[in-house]
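**Student:** Just a sequence and a predicted model for now, questions to come.
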Amino acid sequence: MTDLFNLTVGDFILFFLIFFRTAGVIFTAPVFGSLSVPVQIKIALSLFLALIIAPLYHGPTNFLFDVVSIVVVMLSELGIGILIGYIARLLFSGVQLGGQMIGYQMGLGIVSVMDPQTQQQVSIIAQLKYLTAILLFLSLDGHLWFIKAIFTSFKTIEIGEFYISGSVMKLTVSAVADMFVLGVKVGAPIIALILCFDTLLGIFARTVPQMNVLVLGFPLKIGVGLIGLGVVMPYFAVVFERYVIKLHKDLDLLLSLFQ
């Protein structure tokens with residue numbers, strides 16, 4: 001058990017360096033990093049995790065009394081946390097991208113709502129997909145993976161040892177590419193359905209000129225899109241679960257690249 005009365009200045013500096021890495025993850029990771037979560041709770045959670053990790057850390061601390069080194073290490077520790085959270089956020093950005101494409105194809109591009117997670121205006125379909133993805137993520141215990149990743153990072157990446165290597169950059173670029181691929185997979189079924197409906201509507205417009213396509217097509221397109229969303233929701237859950245599992249592997253790979 002740590003003796004609180006025998007703590008040195010180095011121990012306090014070490015604690016705050018651990019806190020910066022932990023805070024980097026908490027403030028950027030999905031769910032934890034939401035703007036709807038009060039900053040006080042994020043800081044409290046980061047401090048709580050740092051209090052648990054600090055007595056367990058046994059890495060080198062020979063840089064702790066050099067002021068310049070402390071600042072540099074502080075920024076590098078923050079960078080580690082932000083990188084871990086950023087890669088995870090890309091997964092949800094892909095879901096929102098797919099929802100945006102669906103919303104525009106359904107004619108709901110101008111129907112926007114305020115996203116409490118980012119405080120930005122997004123398509124209502126994108127918000128629906130995003131909230132569904134959050135619920136699936138929580139049901140798969142994805143939020144617990146970040147707690148595990150924080151603890152694991154201190155075993156694989158010692159304080160002050162963070163650097164951006166070619167392998168890390170390659171993994172980050174791959175995660176960005178996966179974001180666009182996921183967006184296409186999320187949006188493709190409904191976009192294809194709407195395209196077929198538009199084609200069918202165009203045929204009716206040519207064969208029945210008396211039909212007002214603009215008046216009749218708009219509500220029908222929304223109805224077809226909503227029915228399609230309900231039909232492909234199980235497909236979305238399967239695809240998203242695969243990407244969440246891949247995210248877990250990517251996080252493990254990211255941490256292993258520093259060993």
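**Tutor:** Noted; the coordinates are in hand. In this text, all values refer to a predicted model and were calculated from it rather than measured experimentally.

**Student:** drop to CA atoms for contacts and neighbour counts, all remaining ones
**Tutor:** Will do.

**Student:** So which residues of the protein form strands?
**Tutor:** All strands of the chain, identified by DSSP state E, fall at 112-115, 120-123.

**Student:** Can you flag the weakest of these by average pLDDT?
**Tutor:** Lowest mean pLDDT within those: strand 112-115, at a mean of 61.

**Student:** Return the distance of residue 25 relative to residue 9.
**Tutor:** For residue 25, the distance to residue 9 equals 25 Å [C-alpha to C-alpha, to the nearest Å].

**Student:** which one of the two has more residues nearby?
**Tutor:** Remark: of residue 25 and residue 9, residue 25 carries more neighbours, 28 against 11, as counted by other C-alpha atoms under 10 Å.

**Student:** Name the nearest residue to the more buried one, sequence neighbours excluded.
**Tutor:** Residue nearest to residue 25 in three dimensions, not counting chain neighbours: residue 81, with 4.2 Å by C-alpha to C-alpha, 6 or more residues apart in numbering.

**Student:** For that neighbour, give me its contacts.
**Tutor:** 20-26, 28, 150 (C-alpha atoms under 8 Å, 6 or more residues apart in numbering).

**Student:** which of these tops the neighbour count?
**Tutor:** Tallying neighbours with other C-alpha under 10 Å puts residue 22 at the head of those, with 31 neighbours.

**Student:** for that residue, what are its contacts?
**Tutor:** Going by C-alpha under 8 Å, 6+ apart, residue 22 touches 46, 49-50, 78, 81, 150.

**Student:** farthest pair in these?
**Tutor:** Farthest-apart pair in the contacts of residue 22 is 49 and 78; separation 14.8 Å (C-alpha to C-alpha).

**Student:** Could I get the pLDDT score of the residue nearest in space to the middle of the chain?
**Tutor:** Central residue of the chain (C-alpha atoms, centre = their mean): residue 89, 1.8 Å from the mean position. Residue 89 carries a pLDDT score of 87 in this model.

**Student:** Residue 29 versus that one, what's the distance?
**Tutor:** Using C-alpha to C-alpha, we find residue 89 at a distance of 6 Å from residue 29.

**Student:** Next, please give the residue ranges for the helices of the stretch 1-150 of the chain.
**Tutor:** Here the stretch 1-150 of the chain has its helices, by DSSP state H, counting those that start in this stretch, at 9-28, 39-53, 67-106, 124-139, 142-156.

**Student:** residue ranges with poor pLDDT in the stretch 51-200 of the chain?
**Tutor:** By pLDDT under 70, the low-scoring segments of the stretch 51-200 of the chain are 59-65, 109-122.

**Student:** Mind doing that once more with 50?
**Tutor:** Low-confidence segments of the stretch 51-200 of the chain (pLDDT under 50): none present.

**Student:** The nearest residue to residue 128 once chain neighbours are set aside: what's it in contact with?
**Tutor:** Once flanking residues are discounted, residue 128 sits nearest to residue 99: 7.7 Å by C-alpha to C-alpha, 6+ apart. Residues counted as contacts of residue 99 (C-alpha under 8 Å, 6+ apart) are 123, 125-130, 183, 186-187.

**Student:** if we can go back for a sec, quick one: which of the contacts of residue 22 is nearest to residue 179?
**Tutor:** Ranked by distance to residue 179 (C-alpha to C-alpha), the contacts of residue 22 are led by residue 81 at 19.7 Å.

**Student:** burial measure for the closest residue to residue 73 other than its chain neighbours, as a count.
**Tutor:** Residue nearest to residue 73 in three dimensions, not counting chain neighbours: residue 160, with 5.1 Å by C-alpha to C-alpha, 6+ apart. Residue 160: 21 surrounding residues under other C-alpha under 10 Å.

**Student:** Can you list the helices and strands that the longest helix belonging to the chain packs against?
**Tutor:** Secondary structure of the chain per DSSP state H: the longest helix is helix 213-256. Judged by 3 or more C-alpha pairs under 8 Å, 6 or more residues apart in numbering; DSSP states H and E, helix 213-256 is in contact with helix 67-106, helix 124-139, helix 142-156, helix 166-207.
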